[in-house]
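> after the sequence you'll find the predicted model.
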Amino acid sequence: MPDQPHRIRILIASPSDVKDERKAAIEVIRSWNAVNNAVLLEAVDWETYAAPESGGEAQEKIDEQIVDKCDCAVGIFWTRIGTPTKVASGGAVEELQRLEGLGRKTMVYFSNADVPRTRMDYEQLQQVDEYRKKREKESLCWSYDTVSSFEKEFFRHLGIQIPRWFPELFSSKAFSEKDIPTPMFCDLARRYRATLTEELGKLKMLGSPDIDSVQVRLDDTFVPLRISHTWKTDERYHRRKREAAMQEEMRPHSPDELMRRVFPEYRLLLVIGDPGSGKTTLMKYYALCCLQGQQARLFGDDAGSVRVFFLPLRELKRDDAGQFLPLPEQLSVWSQARSNAIDPAVFDGWLRNADGARSLMLFDGLDEISDLERRKAAYSWIDRQHNGFSETYFVVTSRMTGYRKTEGVELEADHIRADVMDFTPEQQAEFLSKWFRAAYCRELCPSGTNPEEWLERKKKEAEERTKTIVEYLAKEENRGLRELAAIPMMVQIMAILWKEREYLPGNRTKLYRAALDYLLEFRDERRLIPPLLPADKARLVLSPVALWMQQELEADEAERSAMHAEMEKVLGTLDHPPSGEAFCKNLIDRAGLLVELGEERKEYLFRHKTFREYLAGSQLTETIKRNSGLIAPLVEHFGEDWWSEPLTFFMAQADAGMFDSFMEALFDSEVSAEFSVKQQTQLQTMITEAPQKTTKALCRKLLQPETSANRQRYILDCLKMLGKADALDAVSAFQLQGRAHDSDIERKAEEVDSVLTDQIMVMFGKVLLKVRPAGASNIIFTNYFEHKAQYILIPGGKYIYSQTEKEVSIPDLYFAKYPVTNRQYRSFIDFLAGKPSEAVNRLTLKAYTDALHELASSADDAVKGFNKYLKEERDLVNRFRSTYDDDRKFNKDEQPVVGVSCFDARAYCLWLSMLSGSEYRLPTEEEWEWAAGGRREEPGKVLSVKKYPWSDKPEPTPKHANFNGNEGATTPVGRYPDGATLEGLYDMAGNVWAWTGSRYSEDTSAVSLRGGSWSSIPEDLRCSARHYYYPDNHYFNDFIGFRVVRPSPKMNI
């Protein structure tokens, strides 16, 4: 028993390599004593309490003099086990064993800190590993990453265990965890900085040999960004802005450049990125710049002192009335949850720059607020904090699904939006090089091997692995994998699998499965550590839990005991299962899949949200296999952001029967009465990722009389995308029976009919035109050289041209129904690469090249500079290829091609002209304006054009066009029937500006653009609106495409 009145002796047992932790333990005990008068803790270490004595081994004398007199102990281990004794592998091990043999309590800690190679002793490390495994089997141990984290954890654990171990000393006082005192540091600012450093100063290196935390190095943490001035500013389209200035605005910026450009004028930066794109890593980078004294990187040389704050937005707290607490209180709660109590008034003063320091507030993960109404409230709350703390700078991150202005989710405060860009192939190679070097160089040097030679050998292995995977990804047949590797987390998963197994699965779903297998089982197997559960059984437990969180909790975090109970529903069906608590600890310490939240660690969170979403989707597939009736309620979630990824993962693992049932339930549901663009995009993604597809349900729904116009349009889009010939009978019957609700759907059916016909026979040569049935209001022809692109006759006429206010006359023209798509443009690139399709192999590359150079060298003022443009890059594939061809945001087949210059567009038109024998070209400005807004419904009158392609009213809405950054990128062509012209031309407003064949003015070589784009302000959607760009510029223009016209005479029908 401890000495009276209230003294408890705590032995600090450790080898010599943890001197800093020993000092920290003594300081923590002093902090306890400073604020707790009821009990006195006495730190006992052998250096202070032992004395020289003869008559026995050194450890025996230490045991007799001090160990036996202690009431409890703390053991701390890192790289060394210590000097062997007669009864144990080291002195500290013997001390712990001796106390435990006397029935006294111990707490044992193991450090996860990196081991410097200069002090690495392989045999000692091996003994520590063996001792750790043994202890973890027999007791609850604790691990830590830094001395600071050990200090906090040890203080917290003292508050938990001392009252439990010695309850008689606390009988006169109600003592609980809430009474744990806070460590006493010198000043509040240093305490908060220490908390932030502990929280943000480490990165989990997914798939590293130990899934350990590794120190973040600023120069290795690079997240490229695309800055988009699309909010409350039209600088991007300033009519007088010089080309160089425009290019500077639009080029990608590093995180440092971005911050320096934004914050002189704005105080709020919104960062949008896809899952796994590195948004949180960016926030850590910004925080560490400030914490490590490198704030000049972000604010310039005159930055002065910068105080940084961090808050995950899923941790926002509400008051009793359901309102979010003010920012100072939120920060206080967050800090308190990490054992660091700081009064809200202190945070209030800091945020108001009371001490002269600049403040940077980092809000991470708005999309993780799953409830839409709560997320809207969070945006309003951020606006209020931005207005209330006028001296503070703010950065907010979100997935695109968490920020949709079309759903009323937007920031009102003036801000700049930036998009996290995909990795380029060069950045993929750089990332892989760093990852492999870190992974290989962290492996332990074998005993008897020269450490420097070992390190050089590992570096060489890392370089070889990097080279082989980069070459593998560069192959054309691996284009899909290369696109996945543009996502930082996906390329990290690829690196794991390539390092361990030298193979890469073929799609995203298989990548996740293989990564989970590795993390759950194979990594430990390589180290001869038996997994707690094999990967297949671990997934049996995790998948239902992930779906439970998705469906029932509707949250990314789960309370500990509830998750344990949910896991044990499946664990109880296995042979010799671990407890739910033990399994969760394994997922935290070994697999690295879960993390604990809060000071009391009462909640679990999947480290990467997409792993939970993948597992939830997997469980949906298994559940629906057993009960297909669950599809109908699942369909009701279609279009909800919270369900987007799980539904996609579900469909990626569904069989043909599930696919068919889902489509039937979807088009039976009210959900499909009117799809948003977001829902259309999700449907397209699900169809793309589905491994097995069938058209049966879609064909049945298409022919049912009660199917609405909107549903007819969506079903035809699905059938076109599926491209299965077995749907042709249904589409033909749909046309013959006149089931289309309007002429636009008739044209859509014709378009799909043409695509499906090509699945049966290849039509080229003599059969180039497919004329619409007699009685149709317009003549449409199909160009089989452009994947069945439709051209619509726009009758000629006279009107008042907006730029001159004079009458002009326009001839009959065939306008492409849509802007040129990536699919169409890639056929041109394939031709240049010597891989033409059967439909275009009649033209030789030499004939085309000769004609191209003849055009570029002509005296025509419209192609001035074209010849120089060709000489700058003689490889025509590289010259004309879209600069966004590998960008997942812009490179889908049915999206309009962007990143092409006006010269590229002219080269495409020449190719079409030579293939067909008819002229194809860009429209002039006058022709474009007439096609977009000419009042052809009032023949005989010479009038100005309509305000918008659909009419003078209403003003643009998200149903009419893709504009104002509403969708964050281009959308597939044909998504906005409400915005189509009278004849059925789509995307004449929004989505992409269109190159024309006209110069902007007589005194410039710049070319006119028409139509507005996905990022344009509403005014740019007017039929009379114009912009300009230089004809040779295809860099940083993710907003310019083109549309082709055929000025042929009327066809003889």
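Sure thing, it's come through.

> now stretch 58-70, how far from the chain's geometric center?
57 Å (CA atoms, centre = their mean, to the nearest Å).

> state the mean pLDDT of it.
Across stretch 58-70, pLDDT averages out at 89.

> what of stretch 881-889?
Per-residue scores along stretch 881-889 average to 90.

> what do you get for stretch 703-716?
pLDDT averaged over stretch 703-716 gives 96.

> report the buried residues of it.
Buried residues in stretch 703-716, counted by 16 or more other CB atoms under 10 Å: L703, T707, R711, Q712, R713, Y714, I715, L716. Using the backbone N, CA and C atoms, a C-beta is placed for each residue, glycine as well.

> contacts only, for the fourth one.
It stands for Q712. When contacts are counted by CB atoms under 8 Å, 6 or more residues apart in numbering, Q712 touches L702, R739, A740, H741, I745, K748.

> try it again with 10 Å
667, 701-704, 734, 739-742, 744-745, 748-749 (CB atoms under 10 Å, 6 or more residues apart in numbering).

> next, it: phi, psi?
The phi/psi pair for Q712 (degrees, to the nearest 10) reads phi -60, psi -40.

> please name the nearest non-neighbouring residue to A733.
Leaving aside its chain neighbours, A733 sits nearest to L703 (6.2 Å; criterion: CB to CB, 6 or more residues apart in numbering).

> pretty sure that neighbour sits against A730.
Yes: counting by CB atoms under 10 Å, A730 is a contact partner of L703 at 6.0 Å.

> anything in contact with each of those two?
Shared contacts of L703 and A730, counting by CB under 10 Å, 6+ apart, come down to I715.

> was I right to think T449 contacts E456?
No: T449 is beyond contact range of E456, at 11.4 Å (criterion: CB under 10 Å).

> where does the stretch 51-200 of the chain have low pLDDT?
For the stretch 51-200 of the chain, the stretches with pLDDT under 70 are 116-120, 171-187.

> now do the strands in it.
With DSSP state E, counting those that start in this stretch, the ranges of strands along the stretch 51-200 of the chain come out as 72-77, 105-111, 142-144.

> the second one: partners in the sheet, and parallel or antiparallel?
Listed by DSSP bridges, the sheet partners of strand 105-111 and their directions read strand 72-77 (parallel), strand 142-144 (parallel).

> TSV for those, including distance to R975?
Shown next, in TSV, are the strands paired with strand 105-111 (distance: least, CB to CB, whole Å):
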stretch	distance to R975
strand 72-77	61
strand 142-144	51
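
> looking at those, which is nearest to S31?
strand 72-77 (14.6 Å; CB to CB).

> quick one, helices of the stretch 601-750 of the chain?
609-626, 631-635, 644-651, 656-668, 677-689, 696-703, 709-722, 728-736, 743-757 (DSSP state H, counting those that start in this stretch).

> repeat that for the stretch 351-500 of the chain.
372-388, 425-441, 451-474, 479-484, 488-501.

> point out the most buried one among these.
With neighbours defined as mean count of other CB atoms under 10 Å, those peak in mean count at helix 488-501, which reaches a mean of 21.

> just the mean pLDDT for that helix, thanks.
80.

> the next helix or strand after it to helix 488-501, inter-axis angle?
Following helix 488-501 in sequence order, the next helix or strand is helix 508-517 (DSSP states H and E). On the basis of axes from the mean of the first three to the mean of the last three CA atoms, to 10 degrees, helix 508-517 is oriented at 60 degrees to helix 488-501.

> quick one, what contacts W46?
So W46 contacts 11-14, 58-59, 61-63, 65-67, 91-92, 95 (CB under 10 Å, 6+ apart).

> ok, 6 Å please
Under the criterion of CB atoms under 6 Å, 6 or more residues apart in numbering, the neighbours of W46 are I62.

> so H960 touches T981, yeah?
No: using CB atoms under 6 Å, H960 is not in contact with T981, being 11.7 Å away.

> domain assignment for this structure?
As given by automatic domain parsing, the domain ranges for the chain are 7-183, 189-421, 423-504, 797-1046.

> dump those domains to TSV, plus distance to L587.
Output for the domains of the chain, formatted as TSV (distance: least, CB to CB, whole Å):
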stretch	distance to L587
domain 7-183	14
domain 189-421	11
domain 423-504	17
domain 797-1046	30
